[in-house]
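Trainee: pasting the sequence and the predicted model now:
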Amino acid sequence: MKLIILDRDGVINYDSDAYIKSLEEWIPLPGSIAAIARLSKAGWTVAVATNQSGIGRGYYSEATLQSMHERLCQLVAEQGGQVDLIRYCPHAPEAGCDCRKPLPGLFIQIAEHFNQPLQGVPTVGDSPRDLEAGCAVGCTPYLVRTGKGARSEHKTLPTGTRVFDDLSAVVDHLLEP
């Protein structure tokens with residue numbers, strides 16, 4: 001199985017320091033939906049691992065988050081692809097959970113779901129914590145410059161991080177013959 005694990009906010013959709021709190025605020029980044037569909041149609045299994053502490057902070061409900069994820073899946077399906085799995089951490093930072101990135105809990109859930117080790121699996125994020133979570137379980141890190149990525153590029157990143165302009169550029173790279 002060719003698996004890829006994507007962060008959501010800043011990679012697939014626009015991010016906001018004020019949180020994405022409604023379906024109306026959930027706006028895909030240019031090219032991201034088509035990129036996911038291209039990966040899926042090329043035989044890749046697409047998983048999403050996303051911190052959603054706005055739930056734990058009381059900014060929006062799990063039902064609202066579900067509507068955003070349904071929209072994501074619908075848009076990708078309209079282009080002939082699919083999102084195979086979405087895992088999220090609903091906890092506020094002070095909750096002390098093991099699923100909030102940079103901890104690897106979401107990645108472990110994905111590995112268990114697919115019954116597959118994550119060694120070498122590409123993970124795409126826009127912040128060091130996204131990549132650190134994946135690297136903790138052996139993923140290969142890809143930073144995109146969208147979202148917080150342009151600022152993150154100048155921070156300490158996991159060894160071997162590859163940097164691309166956006167998710168489409170990562171997909172172009174992964175699908176090169």
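Mentor: Received the coordinates, thanks.

Trainee: tell me how far the longest strand belonging to the chain lies from the chain's centre.
Mentor: Taking DSSP state E as the criterion, the chain has its longest strand at strand 44-51. Offset of strand 44-51 from its chain centre (Cα atoms, centre = their mean, to the nearest Å): 5 Å.

Trainee: that one pairs with which strands, and in what direction?
Mentor: strand 2-6 (parallel), strand 85-89 (parallel) (DSSP bridges).

Trainee: nearest to Q119, of these?
Mentor: Closest approach to Q119 among these (Cβ to Cβ): strand 2-6, 10.8 Å. The C-beta positions use only the backbone N, C-alpha and C, and glycine is treated the same way.

Trainee: what residues sit buried inside the closest one?
Mentor: By neighbour count with 16 or more other Cβ atoms under 10 Å, strand 2-6 contains the buried residues L3, I4, I5, L6.

Trainee: and the residues you listed as a markdown table, adding distance to L175?
Mentor: Shown next, in a markdown table, are the buried residues of strand 2-6 (distance: Cβ to Cβ, whole Å):
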| residue | distance to L175 |
| --- | --- |
| L3 | 15 |
| I4 | 11 |
| I5 | 17 |
| L6 | 15 |
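
Trainee: in JSON lines: these, plus pLDDT and distance to H91.
Mentor: Compiled in JSON lines, the buried residues of strand 2-6 are given as follows (pLDDT from 0 to 100; distance: Cβ to Cβ, whole Å):
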{"residue": "L3", "pLDDT": "98", "distance to H91": "25"}
{"residue": "I4", "pLDDT": "98", "distance to H91": "24"}
{"residue": "I5", "pLDDT": "98", "distance to H91": "19"}
{"residue": "L6", "pLDDT": "98", "distance to H91": "20"}
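
Trainee: and the strands paired with strand 44-51: which comes nearest K101?
Mentor: Nearest to K101, of these and by Cβ to Cβ, is strand 85-89 at 7.1 Å.

Trainee: what about the closest one, average pLDDT?
Mentor: Mean pLDDT, computed over strand 85-89, is 98.

Trainee: just the CA coordinates for stretch 62-72, please, in CSV.
Mentor: The C-alpha trace of stretch 62-72 is given here as CSV (Å, rounded to 0.1, in the frame of the first residue of the first chain):
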residue,chain,number,x,y,z
GLU,A,62,-17.5,17.9,16.5
ALA,A,63,-20.6,18.0,14.3
THR,A,64,-19.2,21.2,12.6
LEU,A,65,-15.8,19.5,12.2
GLN,A,66,-17.6,16.5,10.6
SER,A,67,-19.3,18.8,8.1
MET,A,68,-15.9,20.2,7.1
HIS,A,69,-14.5,16.7,6.6
GLU,A,70,-17.6,15.6,4.7
ARG,A,71,-17.1,18.6,2.4
LEU,A,72,-13.4,17.7,1.9
